[in-house]
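Colleague: got a predicted model here, sequence first, then my questions.
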Amino acid sequence: MDLTTTYMGLKLKNPIVPSASPLSETVDSVKALEDAGASAVVVYSLFEEQIAHESGELDHYLHYGSESYAEATSYFPEPEEFKMGPYEYLDHIANLKKAVDIPVIGSLNGVSNGGWVKYARNIQEAGADGLELNIYYIPTNPNLTAAEVETMYIDTLTAIKENISIPIAVKLSPYFTSLANVAKRLDKAGADALVMFNRFYQPDFDLNNLEVVPNLVLSTSWEMRLPLRWTAILYGKIKSSLAVTSGVNSPEDVIKVMMAGGDAAMICSELLKNGPKRITEILDGVKNWMTENEYDSIDLMKGSMSQKAVGEPAAFERANYMKTLQSYKTLL
């Protein structure tokens, strides 16, 4: 049975790729992921704020929503709270490359060009096989237009693409006005892969202390529907590889990603809850399903449920909205 797939130009032994998480913080934990069957690993992110702390530079985009409020800096972790500094991160990449045989993909989390170009180059020099740009930006400034936000993504990708040769994936937000157009523009700008989607963690209100507090909730399978839908819509319309993240928790989820047209199924929450061994269980489940349904390769199923392949393409558009509402039966 052939489980191989190609993601961002990298030949992978199967579609399962652990996404950026604490599971990549040590060499031993990454080796455990490899032993369990992971085909590649995205290393936890190096934050732009860490780079800025080292270089003393911070792009103006980062100041939106922070310069205006004196308390804003108190929400950033102190430098010593980060697992590693920028230079330790580069050493970690180099050590991982020596210890494992699967591709190692670095991750940069930020909002601007800033020090990204320099560290993208350094990550490549450390031996990384690829780089994921995790552009995490909440445009709260009412004077900032949608076009400016989109251009920021394109400019960041372009600047880094001009300075490194390893493949680059862009982790996208689902909240663009015209997501398909943004995907097409990123594809044209040279993105080797698009990852859908960045999970924007929402703050909560602490009513006892009257504070806004961070709140992390691990994903469940139902959250996969949004990235699954857009993977199916974009498949065959752009050249970039497609990866789904958020909500990939089971063998069935991995199969759905492949049928939508994805090249990689990225897993995080399920591994944080159940450990690396869960990869082996999911792979076994994928193999069993393929055997029962007479698929002998991932390529045979890839894109078979995409918008361009299904009998009713409208199922991914407004018609599905109307049909879904009409199908609900109340108990009253």
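Modeller: Received, thanks. What you see is a predicted model; the values in this text were computed from it and never measured. Residues are numbered from 1 along each chain as shown.
Colleague: so where's the stretch 51-200 of the chain uncertain?
Modeller: Counting by pLDDT under 70, the ranges of the stretch 51-200 of the chain that qualify are 51-84, 111-115.
Colleague: can you pull out the strands in it?
Modeller: For the stretch 51-200 of the chain, applying DSSP state E, counting those that start in this stretch gives strands covering 104-110, 130-135, 168-172, 193-196.
Colleague: mind listing the strands the one helix or strand Ala265 maps to pairs with, and their directions?
Modeller: Of the helices and strands defined by DSSP states H and E, Ala265 is found in strand 264-267. According to DSSP bridges, strand 264-267 forms sheet pairs with strand 16-18 (parallel), strand 241-244 (parallel).
Colleague: mind putting those strands into CSV with mean neighbour count?
Modeller: From N, CA and C alone the C-beta is placed, and that goes for glycine too. CSV is the format used below for the strands paired with strand 264-267 (neighbours: other C-beta atoms under 10 Å):
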stretch, mean neighbour count
strand 16-18, 28
strand 241-244, 26
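Colleague: ok, which of these comes nearest Thr6?
Modeller: Closest to Thr6 of these is strand 241-244 (C-beta to C-beta; 7.2 Å).
Colleague: now do the buried residues in the helix or strand just after the closest one.
Modeller: Remark: after strand 241-244, the chain's next helix or strand is helix 251-260, criterion DSSP H and E. By 16 or more other C-beta atoms under 10 Å, the buried positions in helix 251-260 come out as Pro251, Asp253, Val254, Ile255, Lys256, Val257, Met258, Met259, Ala260.
Colleague: just the closest of those to Phe176, please.
Modeller: For the buried residues of helix 251-260, the nearest to Phe176 is Ala260 (19.0 Å; C-beta to C-beta).
Colleague: ok, now how distant is that closest one from Arg225?
Modeller: From Ala260 over to Arg225 the distance is 10 Å, taken as C-beta to C-beta, to the nearest Å.
Colleague: do Leu108 as well
Modeller: Distance of Leu108 to Arg225, computed by C-beta to C-beta: 28 Å.
Colleague: who's more crowded, the two?
Modeller: More neighbours surround Leu108 than the other of Leu108 and Arg225, with 26 against 12 (other C-beta atoms under 10 Å).
Colleague: go ahead and confirm the more buried one touches Ser45.
Modeller: Yes - counting by C-beta atoms under 8 Å, Leu108 touches Ser45, with 6.6 Å between them.
Colleague: so what's in contact with these two at the same time?
Modeller: Asn134 (C-beta atoms under 8 Å, 6 or more residues apart in numbering).
Colleague: show me where the stretch 151-300 of the chain has helices.
Modeller: Here the stretch 151-300 of the chain has its helices, by DSSP state H, counting those that start in this stretch, at 179-188, 225-234, 251-260, 269-274, 277-292, 298-301.
Colleague: would you mark the buried spots in stretch 92-99?
Modeller: Along stretch 92-99, these residues count as buried under the neighbour rule (16+ other C-beta under 10 Å): His92, Ile93, Ala94, Asn95, Leu96.
Colleague: the nearest residue to the last one once chain neighbours are set aside: neighbour count?
Modeller: Just to be clear, that refers to Leu96. Leaving out its chain neighbours, the residue that sits closest to Leu96 by C-beta to C-beta, 6 or more residues apart in numbering is Val104, at 4.9 Å. Other residues near Val104 come to 25 when the count uses other C-beta under 10 Å.
Colleague: measure Val104 to Leu242 for me?
Modeller: The gap separating Val104 from Leu242 is 21 Å, by C-beta to C-beta.
Colleague: surely the residue nearest to Leu96 and Ile93 touch.
Modeller: Yes - if you go by C-beta under 8 Å, Val104 and Ile93 touch, sitting 6.3 Å apart.
Colleague: need the overlap of contacts for the two.
Modeller: Common neighbours of Val104 and Ile93 (criterion: C-beta under 8 Å, 6+ apart): Val43, Gly127, Ala128.
Colleague: how many neighbours does the residue lying closest to Glu223 once chain neighbours are set aside have?
Modeller: Once flanking residues are discounted, Glu223 sits nearest to Gly247: 3.7 Å by C-beta to C-beta, 6+ apart. For Gly247, the neighbour count with other C-beta under 10 Å is 25.
Colleague: ok, now which ones touch Gly247?
Modeller: Ser219, Thr220, Ser221, Trp222, Glu223, Met224, Arg225, Pro227, Asp253, Ser269.
Colleague: leaving out sequence neighbours, find the closest residue to Val286.
Modeller: For Val286, the closest residue by C-beta to C-beta, 6+ apart turns out to be Pro251, at 4.7 Å.
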